[in-house]
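A.B. asks: sequence-free structure coming up:
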């Protein structure tokens with residue numbers, strides 16, 4: 001889906017032809033209350049690239065979605081970037097990458113969903 005990356009700031013719905021595939025980009029509220037901006041499938045379920053915000057900015061995820069869940073490469077920022085997770089998500093679970101605690105300088109390495117390394121900056 002490399003060529004289908006699309007950011008839409010304030011459209012209700014927009015269908016764009018990128019090569020041979022039609023991609024619908026929307027700005028919708030998800031059942032959990034989060035606001036989603038990005039690509040969806042025919043049923044308005046997040047699929048492709050997008051951004052979700054829990055509504056007050058405390059949890060913001062940008063990256064891949066499959067069947068409405070965080071999936072693929074992405075980054076989630078908690079509490080105004082004081083804590084981030086960046087890497088691979090699988091069915092909504094952070095599996096591989098780094099988590100960073102900006103308030104105390106710790107950086108952790110995550111593999112297969114488990115913390116394997118804890119190091120100070």
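C.D. replies: It's in. Source: prediction; values computed, not measured.

A.B. asks: Quick one: low-confidence residue ranges for the protein.
C.D. replies: Residues of the chain that meet the criterion pLDDT under 70 lie in 1-24, 117-121.

A.B. asks: Please, where are all the strands along it?
C.D. replies: Here the chain has its strands, by DSSP state E, at 13-18, 21-29, 35-40, 46-53, 59-66, 69-78, 83-90, 93-101, 106-111, 114-120.

A.B. asks: Can you convert those strands into CSV and add a column each for mean neighbour count?
C.D. replies: The C-beta positions use only the backbone N, C-alpha and C, and glycine is treated the same way. Below are the strands of the chain laid out as CSV (neighbours: other CB atoms under 10 Å):
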stretch, mean neighbour count
strand 13-18, 11
strand 21-29, 16
strand 35-40, 21
strand 46-53, 22
strand 59-66, 20
strand 69-78, 18
strand 83-90, 19
strand 93-101, 16
strand 106-111, 15
strand 114-120, 9
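
A.B. asks: Quick check: residue 38 touching residue 28?
C.D. replies: No: the pair residue 38 / residue 28 is not scored as a contact, 9.4 Å apart, by CB atoms under 8 Å.

A.B. asks: Grab the nearest non-local neighbour of residue 54.
C.D. replies: residue 34 (5.1 Å; CB to CB, 6 or more residues apart in numbering).

A.B. asks: and that neighbour, how far is that from residue 101?
C.D. replies: As judged by CB to CB, to the nearest Å, residue 34 and residue 101 stand 23 Å apart.

A.B. asks: How about residue 107?
C.D. replies: Taken as CB to CB, the span from residue 107 to residue 101 is 8 Å.

A.B. asks: burial of the residue nearest to residue 54, as a residue count?
C.D. replies: For residue 34, the count of nearby residues is 17 (other CB atoms under 10 Å).

A.B. asks: who touches it in this structure?
C.D. replies: 52-55, 59 (CB atoms under 8 Å, 6 or more residues apart in numbering).

A.B. asks: May I have the residues that are in contact with residue 111?
C.D. replies: With CB under 8 Å, 6+ apart, residue 111 has these contacts: 95-96.
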